[in-house]
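> Quick one: sequence plus predicted model below, questions after.
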Amino acid sequence: MPGVITASEPSWIAPFTGLSPRQFGKLPTALRREGADPVRKGRPWSLPTEDRVLSVAAYWRTNLTLRQLDPLFDISKSAADRIINHLGPSLALLPRKRFRKDTVLIVDGTLVPTHDHTIAKQSKNYRYSTNHQVVVNADTRLVVAVGRPLPGNRNDCKAWELSGAKDAVGRTTAIADGGYRGTGLVIPHRRERGQAELPPWKEEHNASHRKVRARVEHVFARMKAWKILRDCRLKGDGVHHAMLGIARLHHLTLAG
């Protein structure tokens, strides 16, 4: 079928994945090395590994429906669904388990509008969303952990603990915004009752805190260039796998 998207034609890769051909080429290689795409018995996949990875990345990047995606790769809707469900978890970012002693992390939550109402709730953006706690290295801007999604009406304090993000960080120094009071994270100074203004040294500390913490917002902006994080139609763990997979793609874009 003429005009079908394929990884063998490098010009298709950047617009449909946000990655350069060299960056994209690392994904199939890593999957084979990790044993995530073994040769299976029975009917073989209709697409080679590179094209299947491309189809998943394109689905996350464009947020096309499966009916819109399948003619681009000359496959059926059910085949596209099987590929995404199979490779999505394999592309997930693995959380870091150890950190250097001088590492500083940034923690924040982001809302992902999600169609599956069994895991999503109406949140402050008035849409059914899931709350994702994301942990970023303050120096490198790399995502080091993503908590499991919780309903969007769950506040960040609870989500930080219940999502598993807190356990992933351990005792490593981590900063967050003022919404994480009582969590043990480093948050901005607040005025006490009856206090008109903060001392100058606290104001300076807060200014420095805001400057560093802004980096996690930059990470969210980059990750949401993959449009599935603006309106996710995946069910169950699909939104979690997409979040982790996009974090891995984000790492590749930073690596250059």
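That came through fine.
> Quick one: the helices in this structure, in order.
Taking DSSP state H, the helices of the chain run over residues 13-17, 21-34, 49-62, 66-73, 77-90, 156-162, 165-169, 200-223, 238-255.
> so where's the stretch 151-256 of the chain shaky on pLDDT?
Flagging of the stretch 151-256 of the chain using pLDDT under 70 yields the residue ranges 256.
> now the stretch 1-150 of the chain
1-3, 37-42.
> Can you tell me how far the residue sitting furthest away from the middle of the chain is from Arg154?
Distance from the C-alpha centroid of the chain peaks at Gly194, with 41.5 Å (Cα atoms, centre = their mean). Gly194 sits 32 Å away from Arg154, going by Cβ to Cβ, to the nearest Å. The way it works is simple: take the backbone N, C-alpha and C, and place the C-beta from them, glycine included.
> just Ala92 next, same as before
Applying Cβ to Cβ, the value for Ala92 to Arg154 is 22 Å.
> What residue spans form the domains of this protein?
Domain ranges of the chain: 10-90, 104-236, per automatic domain parsing.
> burial measure for the residue lying closest to Leu142 once chain neighbours are set aside, as a count.
With sequence-adjacent residues excluded and distances taken as Cβ to Cβ, 6 or more residues apart in numbering, Leu142 is closest to His251, at 5.8 Å. Neighbourhood size, His251 [other Cβ atoms under 10 Å]: 16.
> Hmm, His251 is touching Leu93, no?
Yes - assessed by Cβ atoms under 8 Å, His251 is found in contact with Leu93 at 7.1 Å.
> Quick check: neighbours shared by the two?
Shared contacts of His251 and Leu93 (Cβ atoms under 8 Å, 6 or more residues apart in numbering): Val143.
> Touching stretch 151-167 from outside, list them.
107-109, 111, 114, 119-125, 127-135, 145-150, 176, 179-183, 185.
> now do stretch 69-76
1, 4-6, 46-47, 51, 54-55, 58-59, 62, 64, 77, 79-80, 83.
> Centre of the chain to that stretch, how far?
Distance, stretch centre to chain centre, for stretch 69-76: 25 Å (Cα atoms, centre = their mean, to the nearest Å).
> can you check stretch 159-167 too?
16 Å.
> buried ones in it?
For stretch 159-167, burial by neighbour count (16 or more other Cβ atoms under 10 Å) applies to Ala159, Trp160, Ser163, Ala165, Lys166.
> Out of those, flag the one nearest to Ala207.
The nearest member of these to Ala207, counting by Cβ to Cβ, is Trp160 at 24.1 Å.
> distance of that closest one from Thr110?
From Trp160 to Thr110 the distance is 13 Å (Cβ to Cβ).
> follow-up on the earlier one: may I see the ChimeraX selection of the buried members of the contacts of stretch 69-76?
Buried subset of these, written as a ChimeraX selection, criterion 16+ other Cβ under 10 Å:
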select :5,6,47,51,54,55,58,59,62,64,79,80,83
